[in-house]
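Enquirer: Starting from these lines, generate the structure:
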Amino acid sequence: MKTYIVGGAVRDRLLGLPVADRDHVVVGATPDEMLALGYQPVGKDFPVFLHPETHEEYALARTERKSGPGYKGFNVYAAPEVTLDDDLRRRDLTINAIAEDESGTLVDPYGGERDLAAKVFRHVSDAFAEDPVRILRVARFAARFTDFTVAPETEKLMRQMVNDGEIDALVPERVWQEIARGLMEARPSRMFQVLRDCGALARLFPEIDRLFGVPQPPQHHPEIDVGVHVMLVIDWAARQGMSLPVRFAALTHDLGKGATPAEQWPKHHGHEARGVELVRALSARIRVPVECRELAVAVARDHGNVHRALELRPATVIELLERVDAFRRPDRFEAFLQACECDFRGRPGYEEKPFPAPGYLRQALQAVQTIDAAGVARRAEPARIRDAIFQARVQAVAAWRERGAGL
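Expert: So this is what the prediction gives:
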């Protein structure tokens, strides 16, 4: 029985990066032997155990054989005769197929160190094509390791997988899991570029793919292309360390522009309303969590109103604040404003431009919160309570504006 550290822990150490979790592979052991040593079984699809003291994962060396579509269509074989090379051969990329024994000696049968030095993502073997999740993983790694490139032969294989329909077998939850992780990396745009290059973006996210090549008015969007704009927006959100809901809203805020009739280009009147339905459909399709979906819908619907905030009438300001639930959910309102600012900043030359709208709306909310809503409700007729509170809020914003605040 021999144990090795494998995968990301070895890769990240060689890259000089912090190592968060360590996975181990065990060669020459049976499940009964692991149990006898005090390891706790946790694997459902194949034998994985937790170390009795460190609680790190130890998996028995295994091979996999394709038995059906999708990433679950595998027969797994784990036995003492499975070698370390056998186990490493089933892994996705050469940089993840390096092992380290207990003395610190590296085992690298597939050239992972070479590809780390060359900053290349290269598949270990043709078995890569058996698991469509690996396309998403390569794309996610591109968002993390921003100076790596995909080997031409690997990109060709990924494109073949897409053409063969393997990508269509992915379950929604796994798609969201990988996309969410990629959005939280240093440069999320690279994930979508890799997916686009191999044709997977059009299959998984046609709403995003069709944004590329759609023009916008150059006086407002120097980058012109909607798809390019969206990529700038999500990268800006990443640089600011925004939350996942904000980053997802940044990704989907302009989906409606992909549905604008070409004869109306470069203008996109009504794209906000079209975008709302597209965000809802995409979110339902890949099981996006409620928090992310609700914020994305709000941003798609009202980001244009935020940009025009200083021009809005007091009543329209209140309607906006009520629509985004600013009075009951101030934290969500702040996330909403953050996503709208990412939209503003995601344009060449706009990174440092003044953008007073978010501050203006925050101050408007503060002005409205000074009114005694409960007192207004007590003085109003029951059937007119809602309208009375609305009018009191409008008056508060109007009075605040008259004093010159926020302008």
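
Enquirer: how many other residues sit next to His269?
Expert: His269 is flanked by 8 other residues according to other C-beta atoms under 10 Å. C-beta: built from backbone N, CA, C; applies to glycine.

Enquirer: Tell me the spacing between Leu211 and Ile318.
Expert: 32 Å (C-beta to C-beta, to the nearest Å).

Enquirer: same thing with Asp32?
Expert: Going from Asp32 to Ile318 by C-beta to C-beta gives 69 Å.

Enquirer: rewinding a little: neighbour-wise, which of Leu211 and Ile318 wins?
Expert: Each of Leu211 and Ile318 has its neighbours counted (other C-beta under 10 Å); Ile318 has more, 26 against 22.

Enquirer: Other residues contacting the helix or strand harbouring Leu282?
Expert: For Leu282, the host element (DSSP states H and E) is helix 271-285. Contact with helix 271-285 is made by 172, 205, 207, 252-260, 288, 292-293, 296-297, 300-304, as judged by C-beta atoms under 8 Å, 6 or more residues apart in numbering.

Enquirer: So which bits of it are buried?
Expert: 271-272, 274-276, 278-280, 282-283 (16 or more other C-beta atoms under 10 Å).

Enquirer: and the two most separated of those residues?
Expert: Across the buried residues of helix 271-285, the longest distance by C-beta to C-beta is 17.6 Å; it joins His271 and Ser283.

Enquirer: which residue ranges form the strands in the stretch 51-200 of the chain?
Expert: Using DSSP state E, counting those that start in this stretch, the strands found in the stretch 51-200 of the chain span residues 57-60, 62-66, 74-78, 99-100, 106-107, 120-121, 149-150.

Enquirer: tell me, which of those strands is the model least confident about?
Expert: Among these, strand 74-78 carries the lowest mean pLDDT, a mean of 64.

Enquirer: what number of residues lie near Leu310?
Expert: Neighbours around Leu310, by other C-beta under 10 Å: 13.

Enquirer: Can you tell me how far the residue nearest to it when sequence neighbours are not counted is from Leu204?
Expert: With sequence-adjacent residues excluded and distances taken as C-beta to C-beta, 6 or more residues apart in numbering, Leu310 is closest to Tyr360, at 5.7 Å. Distance, Tyr360 to Leu204, by C-beta to C-beta: 38 Å.

Enquirer: Quick check: Pro217 touching His269?
Expert: No - counting by C-beta atoms under 8 Å, Pro217 stays clear of His269, with 11.5 Å between them.

Enquirer: Please save the CA atoms from stretch 175-185 in PDB.
Expert: Taking Å, rounded to 0.1, in the frame of the first residue of the first chain, the C-alpha atoms of stretch 175-185 are listed here in PDB:
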ATOM      1  CA  VAL A 175     -23.300  23.400 -15.300                       C
ATOM      2  CA  TRP A 176     -24.300  26.000 -12.700                       C
ATOM      3  CA  GLN A 177     -21.700  24.700 -10.300                       C
ATOM      4  CA  GLU A 178     -18.800  25.100 -12.800                       C
ATOM      5  CA  ILE A 179     -20.000  28.400 -14.100                       C
ATOM      6  CA  ALA A 180     -20.500  29.900 -10.600                       C
ATOM      7  CA  ARG A 181     -16.900  28.800  -9.700                       C
ATOM      8  CA  GLY A 182     -15.600  30.300 -12.900                       C
ATOM      9  CA  LEU A 183     -17.400  33.600 -12.300                       C
ATOM     10  CA  MET A 184     -15.600  33.800  -9.000                       C
ATOM     11  CA  GLU A 185     -12.200  33.500 -10.500                       C
END
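
Enquirer: Kindly report the domain assignment for the chain.
Expert: Per automatic domain parsing, the structural domains of the chain span 1-118, 132-204.

Enquirer: Next, the buried residues of the helix or strand Val230 falls within.
Expert: Taking DSSP H and E as the definition, Val230 sits inside helix 226-239. By 16+ other C-beta under 10 Å, the buried positions in helix 226-239 come out as 226-238.

Enquirer: likewise stretch 365-373?
Expert: Of all the residues in stretch 365-373, those buried under the rule 16+ other C-beta under 10 Å are 365, 367-368.

Enquirer: so who does Ala250 touch?
Expert: Ala250 neighbours (C-beta under 8 Å, 6+ apart): 230, 233-234, 236-237, 242, 299, 339, 342-343, 346.

Enquirer: which of the residues you listed lies closest to Gly7?
Expert: Lowest distance from Gly7 to these (C-beta to C-beta) belongs to Ile234, with 27.3 Å.

Enquirer: which residues does Gly258 contact?
Expert: Taking C-beta under 8 Å, 6+ apart, we find Gly258 in contact with 207-208, 210-211, 214, 226, 278.

Enquirer: With pLDDT as extra columns, can I get the buried residues of helix 271-285 in CSV?
Expert: As requested, the buried residues of helix 271-285 are exported to CSV (pLDDT from 0 to 100):
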residue, pLDDT
His271, 95
Glu272, 96
Arg274, 96
Gly275, 97
Val276, 98
Leu278, 98
Val279, 98
Arg280, 98
Leu282, 98
Ser283, 98
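
Enquirer: Now flag whichever of the residues you listed is closest to Phe355.
Expert: Closest approach to Phe355 among the buried residues of helix 271-285 (C-beta to C-beta): Glu272, at 18.7 Å.

Enquirer: which SS class is Arg11?
Expert: Assigned with DSSP: H, G, I helix; E, B strand; the rest coil, Arg11 falls in the helix class.

Enquirer: how about the nearest residue to it, chain neighbours excluded?
Expert: If the residues on either side of it in the chain are set aside, Arg11 comes closest to Ile95, at 5.1 Å by C-beta to C-beta, 6+ apart.
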